[in-house]
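K.L.:
quick one: sequence and predicted model below, then my questions.
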Amino acid sequence: MLKTRVITALLLVAALALILFAMPPLAAVLTFAAVAALAAWEWGGLMKQDQPARVMYAFVLLLFCWQLTVAAPELVPGLLGLSAAFWILAVPLWFRYKWTLAGNDFFGYLIGALVILPTWAAMVALHAVSTWLMLAVMALVWIADISAYFAGRAFGQHGKHKLAPTISPGKTWEGVAGAVVGVLVYGGMVLAFSPLGEKIPFAWPLLGLLLILLTAVSVMGDLFESLLKRQAGIKDSSGLLPGHGGVLDRIDALTSTLPLAALILYLVRS
């Protein structure tokens, strides 16, 4: 299992590097759209839809991506704002009341679009500014996840401070604290040593607050997909990525973090 996981990860990294650095920008946009379509197909699985409905939903999401690109790019900031409102205001209520996707297909498809479309739009927007900026935001999510894992194992092994025991029993508040520390250290290193640091318009205290906000939202994205999978009675969103589950399993925290980061970028640049 570990060997399969490592091989899949290496292939994904190699493919991503090839697309981002050795191919025209259009290749990246098309790749992001393909990721959105696959995520939409998996979302249909969370809703327990049959294969024709899942494939149709994937095509509909692809159509929305195309329309946003060629016909209505001015709608993207509003879409990112809706995403931020969903994650910051609605998802905490979702956790409290344990809402589900079952029983209302329109609602389920609407929430899926609200999760997946802004993620695609954010990848396109961040990549258009700088490939390295997009990767830096993605790295923030990965560092938060790794830091949370090791902090949770080191300080939360006795399970005294569970984060959301009914959703993801393995996550602890110690892990969240570790994620915050890891991201703050990462942000300081980017500010001090990366060329991106020269382009960051925020003073360190404000940047620190934004990093904490992005970390908190990344945790919510992870928990949200965990809750949906638990409600659907499945372990992984699919088996598309051997050893890693599905596309949604890999981008769960990105679905909440990338749109917020892109929205902040829009606000700063406007």
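P.N.:
Nice, thanks for sending it over.
K.L.:
Ser218: neighbour count?
P.N.:
A count of neighbours around Ser218, defined by other C-beta atoms under 10 Å, yields 29. The C-beta positions use only the backbone N, C-alpha and C, and glycine is treated the same way.
K.L.:
can you check Trp173 too?
P.N.:
As a measure of burial, Trp173 has 16 neighbours, counting by other C-beta under 10 Å.
K.L.:
same thing with Ile88?
P.N.:
As a burial measure, the neighbour count of Ile88 was computed by other C-beta under 10 Å and equals 15.
K.L.:
and the pLDDT at the nearest residue to Gly245 once chain neighbours are set aside?
P.N.:
Of all residues not flanking Gly245 in the chain, Asp236 sits nearest, at 3.2 Å (C-beta to C-beta, 6 or more residues apart in numbering). The predicted local confidence for Asp236 comes out at a pLDDT of 90.
K.L.:
helix, strand or coil: sort out Asp236 for me.
P.N.:
For Asp236, the secondary-structure state derived from DSSP: H, G, I helix; E, B strand; the rest coil is coil.
K.L.:
quick one: it and Leu133, what's the gap?
P.N.:
Distance, Asp236 to Leu133, using C-beta to C-beta, to the nearest Å: 30 Å.
K.L.:
for Gly44, same thing?
P.N.:
The spacing between Gly44 and Leu133, counted by C-beta to C-beta, is 32 Å.
K.L.:
compare those two (neighbour count), which wins?
P.N.:
Neighbours per residue (other C-beta under 10 Å) separate Gly44 from Leu133, with Gly44 holding more: 23 against 19.
K.L.:
quick one, grab the pLDDT at Ile7.
P.N.:
We have a pLDDT of 85 for Ile7.
K.L.:
I figured Phe224 hits Ser256, correct?
P.N.:
Yes. Using C-beta atoms under 8 Å, Phe224 is in contact with Ser256, at 7.2 Å.
K.L.:
what touches both of these two?
P.N.:
Applying C-beta atoms under 8 Å, 6 or more residues apart in numbering, one finds that Phe224 and Ser256 are jointly contacted by Val91.
K.L.:
quick check: next helix or strand after the longest strand anywhere in the chain?
P.N.:
Ranked by residue count, the top strand of the chain under DSSP state E comes out as strand 168-172. Tracing the chain past strand 168-172, the next element assigned as helix or strand by DSSP states H and E is helix 173-193.
K.L.:
how far away from the center of its chain is that next one?
P.N.:
Averaging C-alpha positions (C-alpha atoms, centre = their mean, to the nearest Å) puts helix 173-193 18 Å from its chain's average.
K.L.:
and the following helix or strand past it, average pLDDT?
P.N.:
On the C-terminal side of helix 173-193, the nearest following helix or strand under DSSP H and E is helix 204-232. Helix 204-232 carries an average pLDDT of 93.
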